[in-house]
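> here you go, sequence then predicted model.
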Amino acid sequence: MVSKKIVLHFPNRLVDRPIVYKLVKEYDLKFNILKAYVTPQEEGLMVLELIGKEPDFNKGIEYLLSCGVKIQPLSQDVIRNEDKCTDCGVCVPICPSGALVVDPLTRKVHFYDNKCIACELCVKACPTRAMEVHF
Amino acid sequence: MKTIKEINEKIRKGDVVVVTAEEVIELVKKKGHKKAAEEVDVVTTGTFGPMCSSGAFFNIGHSKPRIKLGGGTVKLNDVPAYAGLAAVDIYLGVTALPEDDPRNKVYPGEFNYGGGHVIHELVMGADVRLEAQAYGTDCYPRKKLETLINIKDLNEAVLFNIRNCYQNYNVAVNLSDKAIYTYMGTLKPNLGNANYCSAGQLSPLLKDPFYKTMGVGTRIFLGGGVGYIAWQGTQHNPCVKRKDNGIPQCPAGTLAVIGDLKQMKPQWLVGTSLRGYGATLIVGIGVPIPVLSEEIIRYAAAKDEEIYAQIVDYGKDYPQLVSQSLGEVNYAQLKSGKITIQGKGVPTGNLSSYSKARDIAEELKSWIKEGNFLLTESVIPLPAADSGYGPRLLPERPWG
């Protein structure tokens, strides 16, 4: 048996199709919805825990990909709420991976999310709570 | 050389020359003090940092039947306000916390919501819950009030900050072996980081170090609206050591400021949480410096390299009130991202947004250029560097 948490991105054309139902019916997978944003005409997002036998699990994933669903492993993502950030820079020395950097000219704080290791130290240190944890 | 009256005449005519406290540095370098002082009429400054001695007065209007909040209790979105005034006047301080906030019981506390956040929401135009209890009198019979309030319906909403706009500040470090959570932010153990809190070469009182143009009655940019210097701030400390250029090398002068909260903007008054320390408000302030003489532009053109701050240990020295500097650094070094303390390279972080300070100086510049902001003569000066004025320690006298 395998159990994995994954993030599914549905293009808007798939939002009204019973995709998760197929995972149960055709591939004998159990699922637990951790988070879902599904609105008509918009890209849907779902965070699923998917449980089943390994061959079934892999076929289920193949099915999802063949439908055009994008799949990411679940890692918590730290993002910056641009409306809340005041570009003070107090987060910069807190960040262990160099993902937060002050531009020497503009003195604005850049957030390089590809360098972010999601340790969340900045989330707690930010005075205006601009750094947010998202799935 | 020039008078404020003459500068205001130019503002009215639309031919005033205004530069920011950053731009004046380049200008003086290019043209010299004399020429620059002739050309420039006003230098605008700015600062945008957490300022805890801030708060607002509200007159909420009389209810029918009447209630006397004075002597009772008042909460705004669960945050207690001060009700020791007349019937419907209250004051909300930015560090006030809801009764059920766990504070530092779960250490370090998060302090997600306090008085500063309530003021921020009011300025945004949001409705805020007011809950009040009163004891009831013959003329004010009502004992309970629960209502939504909105800034637009209040008779007065006045921001009145008793200490803002510090002239210089400490660089905070932690020599202990545990992380600490301070008003200067989170300080990692064993000199893990060095936090400072000043706009340096853009900061109002660093650009007029002897308060020659700023005094009681000076009109300023306050929280995105127009405000005034009301008084010297509490703990105003003008007589500290200064460098040869006149700039204090440690925290010195302060301002008490006042202004109509109804005109202010949420982007320039931001509710803030300092982990393990408390809730507060980031306040945006900009002060115009009229270039009345060559001397004034000489001060206004001071650059980061010439402004020094002291490195202070917040692990032990600061809490125990031990006055000791671990060394001094200038703001150019602080802004480089790394300073050296006791032979160790230490990364720096600013709690005060330099880019927003720059935006404030630019905004004030455009107000003046567009003729929307005239300069004022101060009514009385702030206590000066040779006044002997300064804060004292508490002489504790236990009784019984």
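That came through fine. Numbering: from 1, shown residues only, chains lettered A, B, ... in the order given.
> ok, and the closest non-adjacent residue to the most centrally placed residue in chain B?
Geometric centre of chain B, nearest residue: B:Asn164, 3.1 Å, by C-alpha atoms, centre = their mean. The spatial neighbour of B:Asn164 that comes closest, neighbours along the chain excluded (C-beta to C-beta, 6 or more residues apart in numbering or on different chains), is B:Met51 at 4.6 Å. For glycine as for every other residue, the C-beta is placed from the backbone atoms N, C-alpha and C.
> quick one: the one you found from B:Gly233, how far?
9 Å (C-beta to C-beta, to the nearest Å).
> same question, A:Leu14
A:Leu14 sits 60 Å away from B:Gly233, taking C-beta to C-beta as the criterion.
> more neighbours: these two, which one.
B:Gly233 (24 against 16; other C-beta atoms under 10 Å in any protein chain shown).
> what residues are up against that one?
B:Ser53, B:Ile162, B:Arg163, B:Asn164, B:Cys165, B:Tyr166, B:Gly253, B:Thr254, B:Leu255, B:Ala256 (C-beta atoms under 8 Å, 6 or more residues apart in numbering or on different chains).
> ok, 6 Å please
Contacts for B:Gly233 (C-beta atoms under 6 Å, 6 or more residues apart in numbering or on different chains) come out as B:Arg163, B:Thr254, B:Leu255, B:Ala256.
> the third one contacts B:Arg163, correct?
Same thing as B:Leu255. No. B:Leu255 is beyond contact range of B:Arg163, at 7.7 Å (criterion: C-beta atoms under 6 Å).
> between the two, which one's more packed in?
Set side by side, B:Leu255 and B:Arg163 show more neighbours around B:Leu255, with 32 against 19, by other C-beta under 10 Å.
> what about the residue of chain A found nearest chain B, which SS state?
Proximity to chain B, evaluated over chain A using C-beta to the nearest C-beta, is greatest for A:Pro93 at 3.6 Å. Using DSSP: H, G, I helix; E, B strand; the rest coil, the structure places A:Pro93 in helix.
> and for it, the neighbour number?
Count around A:Pro93 with other C-beta under 10 Å applied: 24.
> and the gap between it and B:Asn77?
Counting by C-beta to C-beta - A:Pro93 and B:Asn77 are separated by 33 Å.
> how about B:Val329?
To B:Asn77, B:Val329 is 41 Å away according to C-beta to C-beta.
> for B:Lys143, same thing?
Counting by C-beta to C-beta - B:Lys143 and B:Asn77 are separated by 21 Å.
> which of these two has more neighbours?
Between B:Lys143 and B:Asn77, counted using other C-beta under 10 Å, B:Asn77 has the larger neighbour count: 19 against 14.
> next up, the contacts around residue 85.
Looking at chain A here, since you left the chain open. Here A:Cys85 is in contact with A:Ala130 (C-beta under 6 Å, 6+ apart).
> ah, I was thinking of chain B
Taking C-beta under 6 Å, 6+ apart, one finds B:Gly70 in contact with B:Leu85.
> for chain A, what lies in contact range of chain B?
For chain A, the residues in contact with chain B (C-beta under 6 Å from any C-beta of the partner chain) are A:86-90, A:92-93, A:107-108, A:124-125, A:127-128.
> highest neighbour count among those?
Ranking the residues of chain A next to chain B using other C-beta under 10 Å puts A:Cys88 first, with 31 neighbours.
> that one against B:Tyr354, yeah?
No. With contact defined as C-beta under 6 Å, A:Cys88 does not count as touching B:Tyr354 (8.2 Å).
> tell me which helix or strand B:Glu295 sits in.
helix B:294-300 (DSSP states H and E).
> show me where pLDDT drops low in chain A?
A:74-76, A:135 (pLDDT under 70).
> could you pull out the strands in it for me?
Using DSSP state E, the strands of chain A run over A:2-10, A:30-37, A:44-52, A:70-73, A:77-80, A:100-102, A:109-111, A:131-134.
> just name the most buried of the ones you listed.
strand A:100-102 (a mean of 21; mean count of other C-beta atoms under 10 Å in any protein chain shown).
> partner strands of that strand and their direction?
Using DSSP bridges, the strands paired with strand A:100-102 are strand A:109-111 (antiparallel).
> low-confidence ranges, the stretch 251-400 of chain B, go.
Those would be none, if you go by pLDDT under 70 across the stretch 251-400 of chain B.
> for it, which segments are assigned as strands?
B:255-260, B:269-274, B:278-286, B:288-290, B:308-313, B:328-330, B:338-341, B:344-350, B:380-381 (DSSP state E, counting those that start in this stretch).
> of all those strands, which one comes closest to A:Cys119?
strand B:344-350 (15.9 Å; C-beta to C-beta).
> report the buried residues of the closest one.
By neighbour count on 16 or more other C-beta atoms under 10 Å in any protein chain shown, the buried set for strand B:344-350 is B:Val346, B:Pro347, B:Thr348, B:Gly349, B:Asn350.
> skip the chain neighbours and tell me the closest residue to A:Phe10.
Using C-beta to C-beta, 6+ apart, the closest residue to A:Phe10 is A:Gly44 (3.7 Å).
> now the closest residue to chain A within the stretch 101-250 of chain B: closest residue in space that isn't a chain neighbour?
Taking C-beta to the nearest C-beta as the measure, the stretch 101-250 of chain B has B:Asn193 as its residue closest to chain A, at 3.6 Å. Counting by C-beta to C-beta, 6+ apart, A:Pro93 is the residue found nearest to B:Asn193 once chain neighbours are left out, at 3.6 Å.
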